[in-house]
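**Q** Give me a 3D structure for the following:
(one chain, ligands or ions: 1)
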Amino acid sequence: MTQPLIELQALRCERDERVLFENLDLKVMPGDVVQIEGPNGCGKTTLLRLLTTTSTDYEGQILWCGAPLKDQRLDYLNKLLYVGHLPGVKKALTPRENLDWFCGVNQGHQRCTIESALEEVGLFGFEDVPCHHLSAGQLRRVALARLFLTPARVWVLDEPFTAIDKQGVRNLENLMAEHAAGGGCVLLTTHQDMSMSAVRKINLEEFKPQSEWSAGDIV
Ligand SMILES: Nc1ncnc2c1ncn2[C@@H]1O[C@H](COP(=O)(O)OP(=O)(O)OP(=O)(O)O)[C@@H](O)[C@H]1O
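**A** Down below sits the predicted model:
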């Protein structure tokens, strides 16, 4: 039987003495695209931060390939690409320089050239323009160009469609489907409806604790 890449077991997370979610069980298999849904403030970004190991403030277990994530954090991080809520692009640098830095960190594991990655995200001709001259959508595209460069098997994407136009959204969905078909997995948050048929949806509202008091208790 295929082993999950990531498994969450009875995950519980509290912030400011409020439980955001509890009893969260999830198996993320190779080939999965998982959309984390729920209203503002329900804990989607918080969950992604747990999945990127940026935060370790939780109860329950996160497993990577069947073993506790905390015991093999470096191996996991080598296989993870995280594109956060903010584009994470240095505005003083050009798109080429930003991606040069990214590829330097991931030495020798680049899947294509920086020029072709920028062309894929529609930034042909903008390679050497300082990023502070780019639009919000173009900045997001610089960040998303990393998806073409990285060999990472796990993609964690926080609101990747923000500021992206309709054609860009379709391209990004196709790229995610391709990545999943190649045995990778994608976990993402978005408030947009996705047109991909194979996306698995997890609504965090379903893991919000029920109030201990019901209306009938009030006299
Ligand atoms: N570092 C922190 N310290 C304390 N509380 C936090 C921290 N980060 C987030 N929170 C709180 O946790 C809750 C969940 O925040 P989170 O950003 O995960 O929500 P979200 O579901 O991603 O929301 P949105 O859809 O608005 O992006 C919020 O009430 C927020 O105030």
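
**Q** Kindly provide the distance from Thr46 to Thr54.
**A** 10 Å (CB to CB, to the nearest Å). (Glycine included, C-beta is placed from N, CA and C.)

**Q** Compare the two (neighbour count), which wins?
**A** When Thr46 and Thr54 are compared for neighbours, Thr46 comes out ahead with 20 against 12, by other CB atoms under 10 Å.

**Q** Return the residues in contact with the more buried one.
**A** Contact analysis of Thr46 by CB atoms under 8 Å, 6 or more residues apart in numbering lists 13, 15, 20, 55.

**Q** ditto for Leu81
**A** Contacts for Leu81 (CB under 8 Å, 6+ apart) come out as 146-147, 150, 152, 154-156.

**Q** From the chain's centroid, how far away is the lengthiest helix in the chain?
**A** Using DSSP state H to define each element, the chain has its longest helix at helix 166-181. With CA atoms, centre = their mean, to the nearest Å as the basis, helix 166-181 stands 14 Å off its chain's centre.

**Q** So for that helix, what gets flagged as buried?
**A** 168-169, 171-173, 175-177, 179-180 (16 or more other CB atoms under 10 Å).

**Q** Is the closest residue to Lys90 other than its chain neighbours in a helix, a strand, or coil?
**A** Of all residues not flanking Lys90 in the chain, Asn98 sits nearest, at 5.8 Å (CB to CB, 6 or more residues apart in numbering). Secondary structure assignment for Asn98 (DSSP: H, G, I helix; E, B strand; the rest coil): helix.

**Q** my read: Asn98 touches Val89, true?
**A** Yes: look at Asn98 against Val89 with CB atoms under 8 Å: they come within range, at 5.3 Å.

**Q** Around the ligand, which positions in this structure sit nearby?
**A** For the chain, the residues in contact with the ligand (CB under 6 Å from any ligand atom) are 15-16, 20, 38, 40-46.

**Q** Pop the domain breakdown of this protein in here.
**A** The chain breaks down by automatic domain parsing into domains covering 1-79+154-203, 90-152.

**Q** hang on, the earlier thing: in TSV: the buried residues of helix 166-181, plus pLDDT.
**A** As requested, the buried residues of helix 166-181 are exported to TSV (pLDDT from 0 to 100):
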residue	pLDDT
Gly168	88
Val169	89
Asn171	90
Leu172	92
Glu173	93
Leu175	92
Met176	95
Ala177	94
His179	95
Ala180	96
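
**Q** tell me which strands and helices the longest helix of the chain is in contact with?
**A** On a contact count with 3 or more CB pairs under 8 Å, 6 or more residues apart in numbering; DSSP states H and E, helix 166-181 meets strand 33-37, helix 136-144, helix 146-149, strand 185-189.
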